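1. Below are the sequence and a predicted model; questions follow.
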Amino acid sequence: MPIRHHYFCVQKITIIMIYNLRDNAMFKRIGIVFLLVCAVSSTSARDYTIVAKDTYGTGLYKNGTVVGDHVYVASNLKKFEQFDLTDPTNLVKQADTSTSCIFRTTGVMADGNTLAIRCAFTIEFFDISDPNNISSIGVHDSTGNYINGFVLEGDRLYMLGSYSDVLVFDATDLSNLVELGRTNVGTVSDAEVKKNGDYLYSISSINSFDIYDVSNPANPSKIGSHPAVGTTFYQIEIIGNYAYIGTSAGIQVVDISNKASPTLVTDVNLDENSNSMRGMYTLDYDGTNFIGVDGGENIRTVDISNPASPSISAAKLSYNYWVDDAEIDGDSLVLFGGVDGIRTIDISNSSLFVEQAHFTQSISPINISLDGDTALISGDGQAYHLIDIDSDLNISERGRIAGYYNFSDGMLDGNTAYVNRSNVLSTLDITDIDNPIEIDTDTLGSSLGSSWDYEKSGSQLIVGMFDARLGIYDFDPLGLTEVVIVDLGSDPDTGRFRSVLDIVKKGDYLYVATEETDVTIVDISDPANPSIVHYDWSTDDDNDKNLEVFGNRLFIASNSGLLVIDITDPSSPKFIETNSEFGSPENIQAIDDRYAVINKITTLYLVDFEDETAPKIVHQIATNSQLTDIAADQTKIITIDRWDSELRSFQINQAPISNDSVAIVDGGLPLNDRVDVSDREDDILTFSVTQAVSQGSLTLNNDGTYTYQPTANFIGNDSFVYRATDVHGGYSEATVTLEVIDTLTQHFEVDQDKELLAKLLIHSEDQINTKFKLMVAPTNGKVKFKRDGRFHYVPKLGFTGEDSFQFVTSNRVEFSDVQYARINVVSVD
């Protein structure tokens with residue numbers, strides 16, 4: 001028998017009229033349920049959970065090598081990366097391979113099917129005969145002696161190390177290198193090393209080209225050197241009797257036919273169009289093609305048909321990013337661009353180079369500015385990164401603002417970005433990220449005036465600077481207008497700048513964390529005459545201080561712990577305590593007026609500051625990242641791991657909201673209903689009963705529907721408590737109150753010796769054709785029905801008390817269940 005529900009909503013009350021139908025015939029059973037939706041009133045709850053979502057980024061691609069159809073890259077992390085180069089127009093990233101590096105991979109080279117990865121103090125060897133199944137086959141530990149450079153060739157490994165030595169090893173067993181000889185040759189530094197015949201050639205410092213004789217492995221020796229005079233040396237290529245050295249002005253050609261006395265042949269500082277070089281930092285020669293990259297950006301060919309007098313072409317391609325390394329692979333050139341990732345270039349036509357593919361997730365992040373679903377990342381590199389975060393918190397890069405060599409902070413405000421280049425603050429329109437428009441520039445005082453933090457307040461932008469100054473600017477789409485520059489001065493004890501680390505504005509006060517003080521409070525009620533007072537409560541000078549204000553308390557994240565300051569009177573703040581619950585927190589970031597995210601190295605905390613005198617951890621999550629900066633809003637957290645070149649997203653998952661509710665149940669009939677629950681993230685929920693009913697039976701289903709059957713003849717109140725839990729463990733509880741009433745009885749009232757004219761409630765869709773039939777007459781009066789449900793009741797003379805009659809209704813097909821009318825005859829004495 002189908003059940004049909006009609007809903008009539010009045011404010012917070014829902015009336016559900018339930019009719020049991022049989023072929024649209026007359027109603028056989030009548031029920032009315034009143035559902036009162038109350039305010040949220042959770043018996044118990046885990047309000048929020050932090051959920052890890054996405055990871056983005058990889059290290060800086062500074063060095064790589066091509067072996068067969070694969071590129072292997074040292075990405076300045078504790079791993080190396082691999083790309084399938086089968087189709088140079090489609091670089092396909094494959095699985096990364098972890099290394100035993102304590103710090104970072106700094107170099108990679110291959111000898112046949114052996115890949116050698118250099119770290120600071122180790123070289124690890126990998127079998128790459130099967131690129132899909134790479135395995136480590138040995139690690140050489142230099143026992144704390146720094147490895148400056150090396151070459152693996154057959155059963156020998158040649159190394160410059162310890163900043164002073166040249167070494168030769170037997171590499172027959174790569175799991176156990178045997179030192180054959182070592183010689184102290186004076187000073188070496190991080191070096192590019194080439195081997196040709198019995199000789200090693202190295203730029204073992206930026207001011208010297210050195211030649212080593214390794215024909216006797218037991219006694220390697222330095223036999224020749226050529227100094228850099230008025231220039232700086234970078235990379236080398238050895239071709240026949242000449243060494244071609246990339247310099248800060250172009251290319252030097254050195255005759256090495258006499259190894260003991262290398263001789264400068266010529267300097268090539270102009271290209272074929274007589275344009276000056278800006279520094280030839282990268283060189284590669286494959287026996288046919290000779291490529292150089294000058295200024296780190298312009299790709300050129302080098303013609304050595306006259307070996308002693310090469311000519312350099314005009315730029316074939318130019319980029320806005322520094323190229324750290326290049327390797328020729330047949331008709332393709334692979335560029336390793338640091339933060340720019342990897343590019344492949346078609347060089348088959350020497351007069352027209354064409355880019356084939358570009359892979360970039362390289363990032364070395366330091367600071368993050370979050371604005372809605374977009375973030376601006378600044379860092380150790382040549383660009384600001386514009387990052388998109390989708391509804392599932394997946395991270396992708398929209399584009400980059402090139403040409404900014406920065407460690408400074410930036411700020412995002414819609415399609416406007418504020419970025420720093422040295423001491424110049426630029427206002428950029430980034431509507432088209434590929435073609436940002438500089439609409440305003442402002443010089444931030446001295447050459448040390450780089451921006452370290454921003455605080456947006458209404459129509460003002462407050463910029464904190466490295467050289468201990470605050471710039472307050474009015475801003476609009478056309479740029480910034482300076483209001484006032486506030487000089488915080490230097491610390492009188494150390495003489496160091498009070499470099500600005502973080503700014504929070506509340507009312508007329510700026511709370512500023514600096515490297516030399518816990519907080520500097522600036523009263524800007526009169527912007528032209530700011531009042532400045534410095535306070536220091538902790539004993540450490542911490543360059544990671546971060547602060548937020550909740551209520552009348554200032555919270556400062558520092559190495560000492562979370563400092564708690566009473567700022568009821570901002571002109572006289574009072575130190576309360578150091579909260580050690582978070583260890584040495586790195587950052588504190590408010591997401592609204594009540595909650596903040598705090599991080600301690602690898603742990604994220606969501607903290608409730610509703611009672612600022614007793615902050616409460618709502619949820620915490622341990623990550624495998626070293627979290628150096630965070631940005632958050634009410635739904636997400638974006639983190640930076642500077643050391644692993646990584647961005648991560650975390651969802652601030654709100655628990656289901658369970659509302660207390662009241663349902664009125666027709667006595668004797670089952671109630672089918674749904675608990676009142678919503679979930680912001682639309683997670684799949686599960687339901688459980690934490691306190692059962694006492695006057696009936698209850699079935700609660702996993703879709704939130706339930707069936708309640710009151711005990712026979714029970715009239716009164718019952719209840720149950722349920723818990724709604726999302727897939728992340730967030731939950732809330734609420735109570736459903738069940739008022740069981742007799743809905744087949746209608747009640748009336750009349751005075752003694754008076755007649756009652758009233759109307760019975762008709763539970764029928766066919767009200768016109770409904771007829772009433774008296775089944776049991778009243779015992780203390782008489783009743784007569786009208787057609788439309790009205791009736792006329794006359795009590796016996798002098799009678800007072802309760803009288804009743806029973807009736808049924810009919811719509812010509814069948815009769816309803818018996819219903820009752822109870823009449824209270826009231827005494828008028």
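-> It's in. Numbering: from 1, shown residues only.

2. Poorly predicted segments of the stretch 201-350 of the chain, please.
-> Within the stretch 201-350 of the chain, no stretch has pLDDT under 70.

3. Strands of that one, residue ranges please.
-> Under the criterion DSSP state E, counting those that start in this stretch, the stretch 201-350 of the chain contains strands at 208-213, 221-227, 233-239, 242-247, 251-255, 263-268, 280-285, 290-294, 298-303, 311-312, 317-318, 325-329, 332-336, 342-346.

4. I'd like these as JSON lines, with mean neighbour count appended.
-> Every residue, glycine included, has its C-beta placed from N, CA and C. Output for the strands of the stretch 201-350 of the chain, formatted as JSON lines (neighbours: other CB atoms under 10 Å):
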{"stretch": "strand 208-213", "mean neighbour count": "22"}
{"stretch": "strand 221-227", "mean neighbour count": "17"}
{"stretch": "strand 233-239", "mean neighbour count": "20"}
{"stretch": "strand 242-247", "mean neighbour count": "24"}
{"stretch": "strand 251-255", "mean neighbour count": "21"}
{"stretch": "strand 263-268", "mean neighbour count": "16"}
{"stretch": "strand 280-285", "mean neighbour count": "22"}
{"stretch": "strand 290-294", "mean neighbour count": "26"}
{"stretch": "strand 298-303", "mean neighbour count": "20"}
{"stretch": "strand 311-312", "mean neighbour count": "19"}
{"stretch": "strand 317-318", "mean neighbour count": "15"}
{"stretch": "strand 325-329", "mean neighbour count": "21"}
{"stretch": "strand 332-336", "mean neighbour count": "25"}
{"stretch": "strand 342-346", "mean neighbour count": "22"}
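
5. Make CSV from those and add distance to residue 624 to it.
-> Shown next, in CSV, are those (distance: least, CB to CB, whole Å):
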stretch, distance to residue 624
strand 208-213, 42
strand 221-227, 45
strand 233-239, 36
strand 242-247, 40
strand 251-255, 46
strand 263-268, 50
strand 280-285, 35
strand 290-294, 36
strand 298-303, 39
strand 311-312, 47
strand 317-318, 39
strand 325-329, 29
strand 332-336, 27
strand 342-346, 26
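
6. Let me know which of those is the nearest to residue 109.
-> strand 325-329 (10.6 Å; CB to CB).

7. Need the residues that contact the closest one.
-> 62-66, 85, 88, 282-286, 289, 291, 293, 299, 333-336, 347 (CB atoms under 8 Å, 6 or more residues apart in numbering).

8. Where does the residue lying closest to residue 746 once chain neighbours are set aside sit: helix, strand or coil?
-> Nearest non-adjacent residue to residue 746, counting by CB to CB, 6 or more residues apart in numbering: residue 821, 5.2 Å away. For residue 821, the assignment made with DSSP: H, G, I helix; E, B strand; the rest coil gives strand.

9. domains in the protein, as residue ranges please.
-> By the assignment in automatic domain parsing, the chain contains the domains 3-47+655-741, 58-359, 386-654, 745-826.

10. For residue 372, find the nearest of the ones you listed.
-> domain 386-654 (7.8 Å).

11. now that closest one: how far from the chain's centre is it?
-> 17 Å (CA atoms, centre = their mean, to the nearest Å).

12. Tell me where this protein is predicted with low confidence.
-> In the chain, residues with pLDDT under 70: 1-46, 381, 403-407, 445-449, 539-544, 668, 763-768.

13. Around residue 622, how many other residues sit close by?
-> 9 (other CB atoms under 10 Å).

14. Apart from its chain neighbours, what residue comes closest to it?
-> Using CB to CB, 6+ apart, the nearest residue to residue 622 is residue 603, at 5.4 Å.

15. Repeat that for residue 658.
-> residue 734 (3.6 Å).

16. Out of the domains of the chain, flag the one nearest residue 365.
-> Short answer: domain 386-654, nearest of these by CB to CB, at 4.4 Å.

17. Show me the contact partners of the host helix or strand of residue 575.
-> Under the criterion of DSSP states H and E, residue 575 resides in strand 574-579. Residues outside strand 574-579 that contact it (CB under 8 Å, 6+ apart): 537, 538, 553, 560, 561, 562, 563, 564, 565, 566, 615.

18. what do you get for stretch 335-344?
-> 60-64, 71, 73, 83, 85, 88-89, 91, 293, 299, 319, 321-327, 332-334, 345, 355-364, 379, 381-383.

19. now the end-to-end length of it.
-> Distance across stretch 335-344, first residue to last, is 6 Å (CA to CA, to the nearest Å).

20. starting at the chain centroid, how far to that stretch?
-> 24 Å.

21. again with stretch 114-129
-> 32 Å.
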